[in-house]
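Novice: sequence below, structure please.
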Amino acid sequence: MSDLNGGPGREAGEPERAFFGRRKGKRLRGQQERRLADLLPALRVDLPPENGPLDPRTLFPALGGDPEAVWLEIGFGGGEHLAAQAEAHPGIGIIGAEPFVNGVVKLLAAIEARSLRNVRIRDADVTALLARLPDACLDRVYLLYPDPWPKRRQRKRRFVSDGSLAEIGRVLKDGGLFRFASDIDDYAGWTLVRAARCPVLTWTARAASDWTRPFPGWPGTRYEAKALEAGRRPTYLEFARLPRGSQALAAGAETGSA
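Specialist: Sure, this is the predicted structure:
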């Protein structure tokens, strides 16, 4: 799925850069244009003026403004995973961020067909949204099959970085989950290295099979299907947000033992 644009994805000392490619693919048909005009405005996540914070719980009036939890999917592609999760968990509010217009219209079609009331869409850069979210406000963040930007000169455009993981860790509640999937071994390794040096995230795997099995309740995606058809084995990584204060305690213990 597509990577997104913004600042928190930067490695230390790097300039701002775009994490996604094109914004639009095939020409939209009549029904797709109608959904963009009629459905998207009511579902679009707009940012508050004057750099104000955005409480994500307020985005779901159909859930009484009090969802059971709030999840974010970064780069939802065609929306297969997001729509399946929204249908399976009608009490959970799910925000999908995706700048690719053709992907947005596919998700809008699923929302309309399944009468989903717990989805909101950010059809622009996700990092601007992340920057406005308060600390400890999300229960789960997904990044599934992001663009691997495989060429060495392109890797600076990968969404996963020290900065983006720190930002994800900031907005996750204690015990909240960050789930990453990719069929590109290099990107999986890239993510593990950066997650290992993120002080607020811990890898939940306990056995080798843990990163070869899909997440519980996994509906699959078209990207995954293409990978399997091509003979590539996906990797599924899950990281939990450490309790706030545990990092300071660990640092204090390390200092005391020095």
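
Novice: give me the distance between P148 and S182.
Specialist: Distance, P148 to S182, by C-beta to C-beta, to the nearest Å: 7 Å. Bear in mind the C-beta positions are built from the backbone N, C-alpha and C, glycine included.

Novice: okay, the two: which has more neighbours?
Specialist: S182 (27 against 19; other C-beta atoms under 10 Å).

Novice: dump the residue contacts of the more buried one.
Specialist: 145-146, 148, 188, 191, 234-235 (C-beta atoms under 8 Å, 6 or more residues apart in numbering).

Novice: those residues in strands, which ones?
Specialist: Using DSSP state E, the members of these that fall in strands are T235.

Novice: redo the contacts of S182 as TSV? Include distance to E50 and pLDDT.
Specialist: Output for the contacts of S182, formatted as TSV (distance: C-beta to C-beta, whole Å; pLDDT from 0 to 100):
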residue	distance to E50	pLDDT
Y145	36	95
P146	31	93
P148	37	86
A188	40	95
T191	35	97
P234	42	96
T235	41	97
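
Novice: which of the contacts of S182 sits closest to G30?
Specialist: Of all those, G30 sits closest to Y145, with 29.5 Å by C-beta to C-beta.

Novice: surely that closest one touches G77?
Specialist: Yes. Between Y145 and G77 there is a contact under C-beta atoms under 8 Å: 7.0 Å.

Novice: roughly how far does L72 sit from L138?
Specialist: Counting by C-beta to C-beta, the gap from L72 to L138 is 6 Å.

Novice: looking at the two, which is more packed in?
Specialist: Higher neighbour count among L72 and L138: L72, with 29 against 25, using other C-beta under 10 Å.
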